[in-house]
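Participant: structure here, sequence nowhere to be found:
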């Protein structure tokens, strides 16, 4: 009888022989998707037989994985921070390292004011007002963020999901990515706070400004933050990365040019025009390109330019601020 345990054991062995770097993880994800059980539920249902339909689905999944297809494309899902998002072939798969970008971006945004509790003790209303004013910086009703090259929409959705004042304008040149990002925005119930526009880098935002009317204010010069995970892998490095990446994920979302900073050179002037005075950008870039990227940002007039490491201690992010004046 083809039980879950039998299917798991066979799938692990088969994928191991096919060169899967983590065959057990792959097997768990594929069987979980085929049976609609969580990975934990698999282990408490070892003796449950698979239906013929589940076996057929699993067979197709295993065949795809054996050919190197990324797990996320097979299952159609990817976990990113607090969200489970849809993912489709032709769109870059979100990486755990990019979650650090969201963390750093949130640190740069003012947080919502905490209302004073009803039972909080204060000597006088005047004193309470002074305390509130000292502890609660002025926070606008709305924080405007641009996510350039949004891909699946993982960064835009996470920022809006985790910060109630964030409104995002997200762009991508790929029609596939725009369709997927809009799907994920709707899936997260964030349609009222995220707009996804199709076009190259900041061009859709510039185009939207040309059509601005009394109902919709211009966007340029009003952004509180710009984030981006652009194509940044230096061309020589691109030749050395896993075929599971280069054979299946879009090269358009990976190739950063000769030194990895081709797209950055176009992003920086846009960021200077789009940001409010004193506002910041956070860009994910290749570790080998970040020192040159820091110089480029300073040459473009940004201040407090810093390189931030990811959780593994590798240089990962570039942060810079537009001057106040």
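Facilitator: Okay, I see it. Computed from a prediction, not measured in an experiment: that's the story for all the values here.
Participant: quick one: strands adjacent to the strand ranked longest in the chain?
Facilitator: Counting residues, the longest strand in the chain under DSSP state E turns out to be strand 275-284. Strand 275-284 pairs in its sheet with strand 223-228 (parallel), strand 315-321 (antiparallel), by DSSP bridges.
Participant: show residues contacting the first one.
Facilitator: By Cβ atoms under 8 Å, 6 or more residues apart in numbering, the surrounding residues in contact with strand 223-228 are 101, 105, 108-109, 140, 143-149, 155, 159, 267, 271, 274-276, 279-284. All C-beta atoms are positioned from the backbone trio N, CA, C, and that covers glycine.
Participant: tell me the contacts of residue 188?
Facilitator: 83, 85, 157, 160-161.
Participant: ok, back up a step: I'd like the average pLDDT over the longest strand of the chain.
Facilitator: For strand 275-284, mean pLDDT rounds to 97.
Participant: so how far is the helix or strand encompassing residue 186 off the chain centroid?
Facilitator: Here residue 186 sits within helix 175-187, counting by DSSP states H and E. Helix 175-187 has its C-alpha centroid displaced from the chain centroid by 13 Å (Cα atoms, centre = their mean, to the nearest Å).
Participant: next one: stretch 45-59
Facilitator: In terms of Cα atoms, centre = their mean, the centre of stretch 45-59 is set 33 Å apart from its chain centre.
Participant: list the buried residues in it.
Facilitator: Across stretch 45-59, burial judged by 16 or more other Cβ atoms under 10 Å covers 48, 50, 54, 57-58.
Participant: next one: stretch 61-74
Facilitator: In stretch 61-74, counting by 16+ other Cβ under 10 Å, buried: 61-62, 65-66, 69-74.
Participant: contacts for that stretch?
Facilitator: Under the contact criterion Cβ under 8 Å, 6+ apart, stretch 61-74 has outside partners 11, 14-15, 18, 20, 25-26, 29-30, 33-34, 75, 78, 87-89, 93, 243-244, 247-249.
Participant: drop anything exposed from those residues.
Facilitator: The neighbour count (16+ other Cβ under 10 Å) marks 11, 14-15, 20, 26, 29-30, 33-34, 75, 78, 87, 93, 248-249 as buried among the contacts of stretch 61-74.
Participant: how long is stretch 317-325 end to end?
Facilitator: Stretch 317-325 has an end-to-end distance of 25 Å (Cα to Cα, to the nearest Å).
Participant: and what of stretch 75-85?
Facilitator: One end of stretch 75-85 to the other measures 11 Å (Cα to Cα).
Participant: buried residues of it, list them for me.
Facilitator: Quick answer for stretch 75-85 (16+ other Cβ under 10 Å): 75, 78, 80-81, 83, 85.
Participant: among those, name the ones in helices.
Facilitator: Taking DSSP state H, the ones among the buried residues of stretch 75-85 that sit in helices are residue 75.
Participant: the buried residues of stretch 75-85: which two are farthest apart?
Facilitator: 75 and 81 (17.9 Å; Cβ to Cβ).
Participant: how much space separates residue 205 from residue 143?
Facilitator: 16 Å (Cβ to Cβ, to the nearest Å).
Participant: who's more crowded, these two?
Facilitator: Between residue 205 and residue 143, residue 205 has the larger neighbour count (other Cβ atoms under 10 Å), namely 24 against 21.
Participant: low-confidence ranges in this structure?
Facilitator: 113-139, 212-215 (pLDDT under 70).
Participant: can you map out the helices along the protein?
Facilitator: 4-17, 23-35, 39-43, 52-66, 71-75, 98-108, 125-135, 154-162, 175-187, 203-210, 235-238, 243-246, 262-274, 290-299.
Participant: let me have these in TSV, extended by distance to residue 255.
Facilitator: Formatted as TSV, these follow (distance: least, Cβ to Cβ, whole Å):
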stretch	distance to residue 255
helix 4-17	29
helix 23-35	27
helix 39-43	34
helix 52-66	25
helix 71-75	20
helix 98-108	17
helix 125-135	47
helix 154-162	20
helix 175-187	15
helix 203-210	19
helix 235-238	6
helix 243-246	10
helix 262-274	8
helix 290-299	16
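Participant: so residue 175 touches residue 198, yeah?
Facilitator: Yes - counting by Cβ atoms under 8 Å, residue 175 touches residue 198, with 6.2 Å between them.
Participant: who has more neighbours out of these two?
Facilitator: More crowded of residue 175 and residue 198, by other Cβ under 10 Å: residue 198, with 16 against 10.
Participant: show me the contacts for that one.
Facilitator: Residue 198 touches 171-173, 175, 178, 204, counting by Cβ under 8 Å, 6+ apart.
Participant: tell me the one of these nearest residue 263?
Facilitator: residue 173 (10.6 Å).
Participant: many thanks, have a good one.
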